[in-house]
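1. fold the following, please.
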Amino acid sequence: MVFKNLENYNLISVIDNIYTFYRDGFKGMIIGKKLWKIILIKLFVMFVILKLFFFPNFLNTKFETDVEKSNYVLEQITRNAAKSQ
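-> The predicted structure is shown next:
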């Protein structure tokens, strides 16, 4: 097994080795840094910008209490389930 010798190390040294591995790997990147920046910008746009403009909180605008919200959701689910049968 690959991790058999892992028992000899304590947890701190293992975490330190993992951190050092990734730190040194990211320092040596040239194109990779640009790609990671692009990935982070895309994630920001997908999860923040799109959420704000295209996915409003429908239940909070229509209903005030949690009971009203849950009743509406239950009604929508059961109505759609009944239509599909």
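2. please identify the buried residues of the helix or strand of the chain with the lowest mean pLDDT?
-> Every helix and strand in the chain was compared by mean pLDDT, DSSP states H and E; the lowest is helix 50-54, with a mean of 81. By 16 or more other CB atoms under 10 Å, helix 50-54 has no buried positions at all. (Glycine included, C-beta is placed from N, CA and C.)
3. now whichever helix or strand comes after that helix: mean pLDDT?
-> Sequence-wise, the next helix or strand downstream of helix 50-54 (DSSP states H and E) is helix 58-62. Taken as a whole, helix 58-62 has an average pLDDT of 85.
4. gap between the two ends of stretch 51-61?
-> Distance across stretch 51-61, first residue to last, is 15 Å (CA to CA, to the nearest Å).
5. tell me where the protein is predicted with low confidence.
-> Counting by pLDDT under 70, the ranges of the chain that qualify are 1-9, 82-85.
6. and the helix or strand hosting E75, what does it pack against?
-> Assigned by DSSP H and E, E75 belongs to helix 66-84. When contacts are defined as 3 or more CB pairs under 8 Å, 6 or more residues apart in numbering; DSSP states H and E, helix 66-84 sits against helix 58-62.
7. the helix it packs on: how far from the chain's middle?
-> Put simply, helix 58-62 sits 24 Å off its chain's centre (CA atoms, centre = their mean, to the nearest Å).
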